[in-house]
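[1] just need the structure, nothing else, for what follows:
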Amino acid sequence: MKILLTGAKGQLGRCFQDRVPVGWILKATDSDTLDITNQDEVIKIANEFKPDVIINAAAYTAVDKAETEKILAERVNSTGPRNLAEAAKSLNSKFVHISTDYVFDGYANEPYIESSTTNPLSVYGITKLEGEAAVLQAYPQAIIIRTAWVFSEYGNNFVKTMIRHAKERDTLSVVDDQFGCPTYAGDIAQAIIEILKFPVSGIFHYCGDKKTSWDEFAKIILDKAFEYGNISKIPIIKSISTEQFPTPAQRPKFSLLCCDKICLLGIKTSDWSDQLSAVIKKLVI
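    Model prediction:
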């Protein structure tokens, strides 16, 4: 199996590289080695490597910055995925594209299924939804995996931010009215490896197995960080509302994803609590 991976320096990209099965040949690329927004460049690398699978883990994920960098976000989140999907189709390769829970508005009261009505609230969510549409238009046999609240031992994420702030502050204010399911990037990587064994296409949801809020997630992170020696004290968590913490981009308040469809393939959802413990242990300095 020959795999062309984009976004190799991101959380998912790095976790995928850690889990590549023996015998698979991986060409890992990042923005320095492959500009996915450049169609000619994508075609050149794809034709030279001739992958059996293209996995797009690249994305513009700066949710708030996207509000003022819409053109760049569109190029990375929509144009780039379309270019990769077209390349995969031309080679009759499988194509896996990663999307987000932010394609939903968060006004639901039960977990979103793959066919739920989308209505993104932010430029980031809009461009990710545009990317989904572009991929499926270019290559209807593509696989799109929507995920949420990604964390890992790599890159920048909420877990690392909370631990860093805990070392600097005695009180942390964290939003308590946004709910979702944290997801370990390593589990997403493994889910991709598993789903490639099946002759499937279309949209799938994959995320953590338990609902939480950002403030509850923060408390769990800090408790574990204290237990494993990452921090010497646990700051007070001050729970606040979304309205008390205004941001340039509006975020969905309820973005639980129903993962029944992917679970029917025998792929288990992310046990984020256990994986969080493992990640925090790795972060001990």
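
[2] what is the longest helix seen in the chain packed up against?
    Of all the elements of type helix in the chain, the one with the most residues (DSSP state H) is helix 123-138. Secondary-structure packing of helix 123-138 (3 or more Cβ pairs under 8 Å, 6 or more residues apart in numbering; DSSP states H and E): helix 70-74, helix 80-91, strand 94-100, strand 143-147. Using the backbone N, CA and C atoms, a C-beta is placed for each residue, glycine as well.

[3] apply 7 Å and report the result again.
    helix 70-74, helix 80-91, strand 94-100 (3 or more Cβ pairs under 7 Å, 6 or more residues apart in numbering; DSSP states H and E).

[4] tell me the strands beside the last one, with direction?
    Applying DSSP bridges, strand 94-100 is found paired with strand 53-56 (parallel), strand 143-147 (parallel).

[5] how far does that strand sit from the chain's center?
    10 Å (Cα atoms, centre = their mean, to the nearest Å).

[6] try the shortest one
    The chain centroid and the centroid of helix 70-74 are separated by 18 Å, computed with Cα atoms, centre = their mean.

[7] now what about it, what contacts it?
    Defining contact as Cβ atoms under 7 Å, 6 or more residues apart in numbering, one finds that helix 70-74 is touched by 60, 66, 123, 124, 127, 130.

[8] ok, of those residues, which one's closest to residue 270?
    Closest approach to residue 270 among those (Cβ to Cβ): residue 124, at 21.7 Å.

[9] now do that closest one: how many residues are near it, please.
    Residue neighbour count, defined by other Cβ atoms under 10 Å, stands at 27 for residue 124.

[10] so it sits against residue 59, correct?
    No - counting by Cβ atoms under 7 Å, residue 124 stays clear of residue 59, with 9.0 Å between them.

[11] low pLDDT regions in the stretch 101-250 of the chain?
    Within the stretch 101-250 of the chain, not a single segment meets pLDDT under 70.

[12] now do the helices in it.
    Shown for the stretch 101-250 of the chain, the helices assigned by DSSP state H, counting those that start in this stretch span residues 123-138, 158-168, 185-195, 214-227.

[13] gap between the first one and the chain center?
    In this case it means helix 123-138. Worked out by Cα atoms, centre = their mean, helix 123-138 lies 14 Å from the chain centre.

[14] ok, stretch 57-70 next?
    For stretch 57-70, the distance to the chain centre is 13 Å (Cα atoms, centre = their mean).

[15] please save the CA atoms from it in CSV.
    Presented in CSV, the C-alpha positions along stretch 57-70 are these (Å, rounded to 0.1, in the frame of the first residue of the first chain):
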residue,chain,number,x,y,z
ALA,A,57,-4.7,15.8,7.0
ALA,A,58,-3.8,19.3,5.9
ALA,A,59,-6.1,22.2,6.9
TYR,A,60,-6.3,25.8,7.9
THR,A,61,-7.4,25.4,11.5
ALA,A,62,-6.9,28.9,13.0
VAL,A,63,-10.6,29.3,13.7
ASP,A,64,-10.5,33.0,14.8
LYS,A,65,-7.9,34.1,12.3
ALA,A,66,-10.0,32.7,9.5
GLU,A,67,-12.5,35.4,10.1
THR,A,68,-10.0,37.9,8.6
GLU,A,69,-8.1,35.4,6.4
LYS,A,70,-11.1,34.0,4.4
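
[16] can you list the buried residues in it?
    57, 58, 59, 60, 61, 63, 66, 67, 69 (16 or more other Cβ atoms under 10 Å).

[17] pretty sure residue 145 is touching residue 207, no?
    No - between residue 145 and residue 207 there is no contact under Cβ under 7 Å: 9.8 Å.

[18] the two: which has the busier surroundings?
    residue 207 (31 against 21).

[19] please list all residues in contact with the more buried one.
    147, 148, 181, 183, 257, 259, 269, 270.

[20] which of the residues you listed sits closest to residue 109?
    residue 257 (14.2 Å).

[21] quick one: contacts for that closest one?
    Applying Cβ under 7 Å, 6+ apart to residue 257 gives the contacts 101, 111, 112, 146, 148, 181, 205, 207.

[22] report how many residues lie close to the second one.
    A count of nearby residues for residue 111, using other Cβ under 10 Å, gives 17.

[23] circling back: output the helices of the stretch 101-250 of the chain as CSV; include the columns distance to residue 32.
    Conversion of these to CSV gives the following (distance: least, Cβ to Cβ, whole Å):
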stretch, distance to residue 32
helix 123-138, 21
helix 158-168, 23
helix 185-195, 20
helix 214-227, 31
